[in-house]
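Peer 1: model the following, please.
(2 chains)
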Amino acid sequence: MRSVTNLRSAGEGFVPPGAKDFVLPPIFDSIPWLTKPILLVALSVILVSVFFILSSRKAAMVPSKLQFAGEGVYGFIRNGMAKDVIGPEFMRFVPFLFTLFTFVLVNNWFAIVPMLQFPTFSRVGFAYALALITYVVYHSVGVKKQGLFGYIKGIAFMPGVPKPIYLLLTPIEIATFFIVRPFTLGLRLFANMFAGHLLLLVFFLGGEHLLQGVIGLKIVSPFAFIAGIGLTFFEFMVQCLQAYIFTLLSALYIAGSLADEH
Amino acid sequence: MSHNQEGAAWSILGYLISGPLFWGGVGFGLDSWLGTGFLLPSGVIVGMGASLYLVWLRFGREA
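Peer 2: A predicted model of the protein is given here:
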């Protein structure tokens, strides 16, 4: 550690990126709520809508490239996820899951799109808003299907357990379904996006800082940039994976609410 | 089926978190109420045991 500090470049010390880099000022001082993440969400809605309207408008028997891409994503969610996980009633939930997947995916991609370069879900409020939507959906589906009493009973009381054991298990079931699930759902998305953005910031800002240093530091700076580019591809993978996981878990929770016995 | 295995993995994680969390929390509350110190660790252990039992009930029984 000591040797590293001795190699410090001339000028002021390196200020590592941190949580402060995620707090973006309003774009206009007079409108405090209009920040970059808000604009990115709006942009993602426009992009997703335009893409799928264009890809489905001139639907033809011999699909264009655009239609092929749009149908590929739709088919992936519909057949690869909803049908497999939810079962016979899956069609009702395809619009929800499809919207969820594309929305999360595009917002995650914003982290590595040049000029935008900010993942919306690295702000925790956006991630929890989505988790809340899934939460409301899977509970309301369960209540509608089994009735309020039947739904709660299905969650809280496993069949085939001696009665005194319920004292031990019921609180865990309740905590899992009502607290831990939505909490981890939002946290997983938020933390992955937050950490990914921070990681890229460290490598690119660090590389830039090394470039301003003495000759020994200038030589190693390209390695930071190369590692940063490698990590950008890695982040791309994480972004796709998180969008997939978020949608898959939503589908699984819905499937759990639909099943009579958990 | 791979989807359901993935789902099982995440559900199991949820149970394993909430068990120690809940019963550890009960232990913590009792500890500060009664002024003792052993109930928080006991609660965590009981919660872990209960979680594992629950995981076995949900995912291990039919196998």
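
Peer 1: got the residue ranges for the helices in chain B?
Peer 2: Assigned helices in chain B, in chain order: B:2-34, B:39-55 (criterion: DSSP state H).

Peer 1: same question, the stretch 51-200 of chain A
Peer 2: For the stretch 51-200 of chain A, applying DSSP state H, counting those that start in this stretch gives helices covering A:65-77, A:84-86, A:94-109, A:124-156, A:163-175, A:181-211.

Peer 1: for stretch A:186-195, list every residue counted as buried.
Peer 2: Along stretch A:186-195, the positions that meet the burial threshold by neighbour count (16 or more other Cβ atoms under 10 Å in any protein chain shown) are A:Gly186, A:Arg188, A:Leu189, A:Phe190, A:Ala191, A:Asn192, A:Met193, A:Phe194. No exception for glycine: its C-beta is placed from N, CA and C like everyone else's.

Peer 1: low-confidence stretches in the chain?
Peer 2: Since you didn't name a chain, this refers to chain A. Under the criterion pLDDT under 70, the flagged ranges of chain A are A:1-12, A:59-60, A:260-262.

Peer 1: should've been chain B
Peer 2: Judged by pLDDT under 70, the stretches of chain B that qualify are B:1-2, B:62-63.

Peer 1: repeat that for 80
Peer 2: Counting by pLDDT under 80, the low-confidence segments of chain B come to B:1-8, B:60-63.

Peer 1: which parts of it sit against chain A?
Peer 2: Applying Cβ under 8 Å from any Cβ of the partner chain, we find that chain B lies next to chain A at B:1, B:3-4, B:6-7, B:10-11, B:13-15, B:17-19, B:21-23, B:46-47, B:50-51, B:53-54, B:57-58, B:61.

Peer 1: would you show me how to pick out the buried ones of the residues you listed in ChimeraX?
Peer 2: What follows is the ChimeraX syntax for the buried subset of the residues of chain B next to chain A, where burial is set by 16+ other Cβ under 10 Å:
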select /B:3,6,7,10,11,14,15,17,18,19,21,22,23,46,47,50,51,53,54,57,58
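
Peer 1: and the stretch 101-250 of chain A, which residues reach chain B?
Peer 2: So far as Cβ under 8 Å from any Cβ goes, the stretch 101-250 of chain A lies against chain B at A:158, A:160-161, A:165, A:168-169, A:171-173, A:175-176, A:179-181, A:184, A:248-249.

Peer 1: report the buried members of these.
Peer 2: For those, a neighbour count by 16+ other Cβ under 10 Å gives the buried set as A:158, A:168-169, A:171-173, A:175-176, A:180-181, A:184, A:248-249.

Peer 1: before we move on, back to that, which one, of the helices of chain B, ends up nearest to A:Tyr244?
Peer 2: Proximity to A:Tyr244, assessed across the helices of chain B by Cβ to Cβ, is greatest for helix B:2-34 (9.9 Å).
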